[in-house]
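>>> build me a model from this:
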Amino acid sequence: MDTRLSYSQIQCAKDCLRKHWFSYVIGLRPKAAPLAWQIGSWIHAGIEALAALMTRDEIGLALDAATEPLDAELDATSDADVRLVIGYQRAVVRAMLRGYAWRWAAMDRDMTINAVEQPFAMLIINPDSGRASTKWTLCGKIDALATMAGNQSVWERKTVSEDISPESDYWARLRIDSQISLYFLAAQHIGYSPSSIWYDVLRKPLMRPANIPQLDADGLKIAVDAYGIRVLLANGKPRQSADKEKGIALLTVPETPDTYEDRLVADIGERPDHYFARREFARVEDDVLEAQFELWQSMQLINDCVNYGRWPRNTRSCLNRGKCSYFGICTCGGYRDGDPVPDGFEIVSNTHQEVETENETGGSQ
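Below is the predicted model:
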């Protein structure tokens, strides 16, 4: 069994220990995540590429890096409906990155990026005794390490659906987020001296693709009656409006991904603070100590399950934030290690695919 622990793994165990067993002990994973779940990853890849650009005029390179997986999916299918869905996902990623680059251009000019996606691996210490676990290590990646006005900071990027306005509860919750306290400690471990933490948050658009009026060869809208016959005015010209009471409707077609992207960019330009927010937090010694205790106790809980070979279920998490990927397995007789792999799943050999397996490295300071 892999004895590395990541923050994502710990959160999975907190949600449901049985889910943790599926995902991290035996490596049973869904073959493909729904497209919507991957938007954050694609945007993240684009921001990482953006950080490496000499100027924001080269943003096309970052857009290409972010949409490369989507472009590959487009090339792999000729199904018009599938291509439209992928096109809309691509439009969201492009619009968010374009808006992000514009929103933070001035601030980013005054920032030096020291490291991006910085991997780390460190011992898990018992805060009471000062002794390290002889079995488990903490691993992960820090989104970015940066310097502004001579001060080093840890950067954590989030793509969320929640309200990120200044008065929202989202920011209050982040004040007690143990992940960033551990990453703050990890930055110190690999040789940095951060004085603060920056949360760089992007809110996913709620605006959905729209149906737009279908136009004829002359560029005119097509109004039809209840029988689907085109409605003409008294002067013989085609009617250009709907009338629900008379049963007259306009024929519509889905808007193109390019049009959808333009609408998103326009909305971002009108209210950038709805989509993007950055906030700096200090981390005091008590914050880091609290995070260390949580880490140690979470490790102990996982270790107990390993030793007993039992992984309790938390049924309150089955339908929380959408249906759990393993819901069908748990409710249809369960699964034992060595059973045939259920349809739609696979066994992965590396349960920490998001973390590099190379030796621990530091970064330039």
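>>> from memory K141 sits against E117, does it?
Yes - look at K141 against E117 with CB atoms under 8 Å: they come within range, at 5.1 Å. C-betas here are computed from N, CA, C, even on glycine.
>>> so for those two, which sits in the more crowded spot?
K141 (18 against 15; other CB atoms under 10 Å).
>>> confirm that one sits in a strand?
Yes - according to DSSP: H, G, I helix; E, B strand; the rest coil, K141 belongs to a strand.
>>> pairing partners for it in the sheet, please.
When assigned by DSSP bridges, K141 has beta-bridge partners P119.
>>> quick one: it from V25, how far?
22 Å (CB to CB, to the nearest Å).
>>> show me the contact partners of stretch 328-346.
18, 22, 26, 28-31, 313, 318, 324, 347 (CB atoms under 8 Å, 6 or more residues apart in numbering).
>>> can you give me the buried ones in that stretch?
Residues of stretch 328-346 classed as buried: 329-330, 335, 345 (neighbour count, 16 or more other CB atoms under 10 Å).
>>> again, but for stretch 149-164
Under 16+ other CB under 10 Å, the buried positions of stretch 149-164 are 152-159, 164.
>>> and if you look at stretch 40-54?
For stretch 40-54, by 16+ other CB under 10 Å, it's 40, 42-51.
>>> mark which of those are part of strands, please.
If you go by DSSP state E, those have nothing in strands.
>>> between those, which is nearest A65?
Among those, A49 lies closest to A65 (CB to CB), at 3.8 Å.
>>> check contacts around that closest one.
61-62, 65-66.
>>> so which elements touch the helix or strand containing W102?
Here W102, judged by DSSP states H and E, is contained in helix 80-103. The elements that helix 80-103 packs onto, with contact taken as 3 or more CB pairs under 8 Å, 6 or more residues apart in numbering; DSSP states H and E, are helix 39-51, helix 59-76, helix 257-270, helix 272-275, strand 276-281.
>>> looking at the ones you listed, which is closest to S196?
So among the helices and strands packed on helix 80-103, strand 276-281 is nearest, using CB to CB, at 5.2 Å.
>>> neighbouring strands for the closest one, and are they parallel or not?
Strand 276-281 is paired, per DSSP bridges, with strand 196-203 (antiparallel).
>>> direction included, what does the following helix or strand past the strand it pairs with pair up with?
Counting by DSSP H and E, the next helix or strand C-terminal to strand 196-203 is strand 211-213. Note on strand 211-213: by DSSP bridges, its sheet partners are strand 252-254 (antiparallel).
>>> now the partner strand: how far from the chain's centre is it?
Chain-centre distance of strand 252-254: 30 Å, with CA atoms, centre = their mean, to the nearest Å.
>>> for the record, mean pLDDT for that strand?
Here strand 252-254 scores 91 as its mean pLDDT.
>>> ok, now stretch 29-36?
Mean pLDDT, stretch 29-36: 72.
>>> a markdown table for the contacts of A49, including pLDDT?
Listed next are the contacts of A49 as a markdown table, based on pLDDT from 0 to 100:
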| residue | pLDDT |
| --- | --- |
| L61 | 89 |
| A62 | 90 |
| A65 | 90 |
| A66 | 92 |
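>>> next, the buried residues of stretch 85-94.
Those would be 86-94, for stretch 85-94 by 16+ other CB under 10 Å.
>>> quick one: which of the residues you listed is nearest A105?
The closest of the buried residues of stretch 85-94, once distances to A105 are taken by CB to CB, is R94, at 16.9 Å.
>>> related to what we said a few turns ago, filter the contacts of stretch 328-346 to the buried ones?
18, 22, 26, 28-29, 318, 324.
>>> now, the most widely separated pair of these?
Applying CB to CB across the buried ones among the contacts of stretch 328-346, the maximum distance is between I26 and C318, 19.2 Å.
>>> which outside residues touch the helix holding W102?
By CB under 8 Å, 6+ apart, helix 80-103 touches 35-36, 39, 42-43, 46-47, 50, 56, 59, 62-63, 66-67, 70-71, 73-74, 77, 202, 204-205, 209, 254, 256-258, 260-261, 264-265, 268-269, 272, 275-276.
>>> among the residues you listed, the buried ones, what's the PyMOL command?
With 16+ other CB under 10 Å as the burial test, the buried ones among these are selected in PyMOL as follows:
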select buried, resi 35+39+42+43+46+47+50+59+62+63+66+67+70+73+74+202+204+205+209+257+260+261+264+265+268+275+276
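>>> against K244, how distant is the closest residue to T159 other than its chain neighbours?
In this structure, T159 finds its nearest non-sequential neighbour in G40, 3.5 Å apart by CB to CB, 6 or more residues apart in numbering. Distance of G40 to K244, given as CB to CB: 40 Å.
>>> likewise R94?
For R94, the distance to K244 - CB to CB - is 36 Å.
>>> same question for R83.
In terms of CB to CB, R83 sits 32 Å off from K244.
>>> more neighbours: these two, which one.
It is R83, of R83 and K244, that has more neighbours when counted by other CB under 10 Å, with 15 against 7.
>>> list the buried residues in stretch 116-131.
Residues of stretch 116-131 classed as buried: 116, 118-122, 124-126 (neighbour count, 16+ other CB under 10 Å).
>>> show me the domain layout of this protein.
4-207+260-347, 211-254 (automatic domain parsing).
>>> and stretch 101-115, how far from the chain's centre?
On CA atoms, centre = their mean, the centre of stretch 101-115 falls 21 Å from that of its chain.
>>> and the end-to-end length of it?
Terminal residues of stretch 101-115 are spaced 19 Å apart (CA to CA, to the nearest Å).
>>> avg pLDDT for that stretch?
93.
>>> got the buried residues for it?
For stretch 101-115, by 16+ other CB under 10 Å, it's 101-104, 108, 111, 113-115.
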